[in-house]
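In: my questions are about this predicted structure, shown below with the sequence.
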Amino acid sequence: MFQALIDIQRDIYLALAEHIKAFAAGGSWSAFLAFLPLGVVFGAVHAMTPGHSKALLATYLTGSSAGLGRGLAVSLTLSFVHVTTAVLIAWFSLPLVSRMLGSAGDAPILENLSRGLLGLIGLWMLWSALFRPPHTHGDGEGLSVGVMAGLVPCPLTLFVMSFAMARGVPIAGVMFAAVMMIGVAVTLSATALTAIVFRQRVAKLLSRHPKLIAGATKTVEALAGAILVVVAVREIMFR
């Protein structure tokens, strides 16, 4: 399955490279625009591979009180920031890429910042579960998680942007990145909605036992917070 995802990405990327070369050499807009819809597939498949904060997103939403609408907003925010960060880095400061990227696809500074901020969210959830009465997580908290988790730039977007800019057609890279974002959002939204539906189904099963569900909610929130903290520390200290 994983190899199949890699093969799909490779084939689309190679086709994209040829279209960008042709476009840079004076090719028509129509041919390039006709190819763009494959960017949705490219982004969705790419987001299915390890990374992209899917586990952190699912962990947070499982431990929070977010509904389907807010969970969708968090996943869309994460997708937007994840792709846009890569576009901005490539567009405004290609030399910065070489300093911020330890190797292809890595961004140590942004990764550490992202994981550190998510660790703080985890500490907040842990403290909240242990010392606060039952409450609803605010919209601002969820969107903050989306922003923090998305700070790490999408590596393939960086590759696409760098390739397009090297051939003098940065707009082609931006357009493909925008379409990729839709595909990434589809996969991350599916992850978010699955986590929320799972949590709601469990809550429904326990609905006849209010004390039990209150305890379970606190426990899940505490576990989610602890997992976020552990992941943040491990990623920062042992990467």
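Out: Structure received.
In: just give me the longest helix of this structure.
Out: helix 170-205 (DSSP state H).
In: show me what that helix is packed up against.
Out: On a contact count with 3 or more Cβ pairs under 8 Å, 6 or more residues apart in numbering; DSSP states H and E, helix 170-205 meets helix 2-24, helix 38-48, helix 54-63, helix 68-92, helix 155-166, helix 210-237. Placement of C-beta: from N, CA and C, glycine included.
In: only the buried residues of that helix, if you could.
Out: By neighbour count with 16 or more other Cβ atoms under 10 Å, helix 170-205 contains the buried residues 170, 172-189, 191-192, 195-196, 199.
In: how far out from the middle of the chain is it?
Out: Put simply, helix 170-205 sits 8 Å off its chain's centre (Cα atoms, centre = their mean, to the nearest Å).
In: pLDDT (mean, whole number) over it?
Out: Helix 170-205 shows a mean pLDDT of 91.
In: and if you look at stretch 82-98?
Out: Here the average pLDDT along stretch 82-98 is 75.
In: check stretch 155-167 too.
Out: Average pLDDT, stretch 155-167: 87.
In: looking at it, Ile8 is touching Val41, isn't it?
Out: Yes - if you go by Cβ atoms under 8 Å, Ile8 and Val41 touch, sitting 7.2 Å apart.
In: now do the shared contacts for those two.
Out: Common contact partners of Ile8 and Val41 (Cβ atoms under 8 Å, 6 or more residues apart in numbering): none.
In: any idea of the angle the longest helix of the chain forms with helix 54-63?
Out: Helix 170-205 and helix 54-63 are oriented at 40 degrees to each other (axes from the mean of the first three to the mean of the last three Cα atoms, to 10 degrees).
In: start the count at 33, not 1, going forward
Out: All set: I'll call the first residue 33, so the last point we hit is now helix 202-237.
In: can you give me the angle helix 202-237 makes with helix 100-124?
Out: Per the same axes, to 10 degrees, the angle that helix 202-237 makes with helix 100-124 is 160 degrees.
In: next, the angle helix 70-80 makes with helix 202-237.
Out: Angle of helix 202-237 versus helix 70-80, following the same axes, to 10 degrees, is 50 degrees.
In: now the angle between helix 187-198 and helix 202-237, please.
Out: Orientation check (the same axes, to 10 degrees): helix 202-237 against helix 187-198 gives 170 degrees.
In: now do helix 202-237 against helix 34-56, angle only.
Out: 150 degrees.
In: follow-up on the earlier one: so which of the helices and strands packed on helix 202-237 comes closest to Leu175?
Out: When the helices and strands packed on helix 202-237 are compared by Cβ to Cβ, helix 100-124 sits nearest Leu175, at 5.3 Å.
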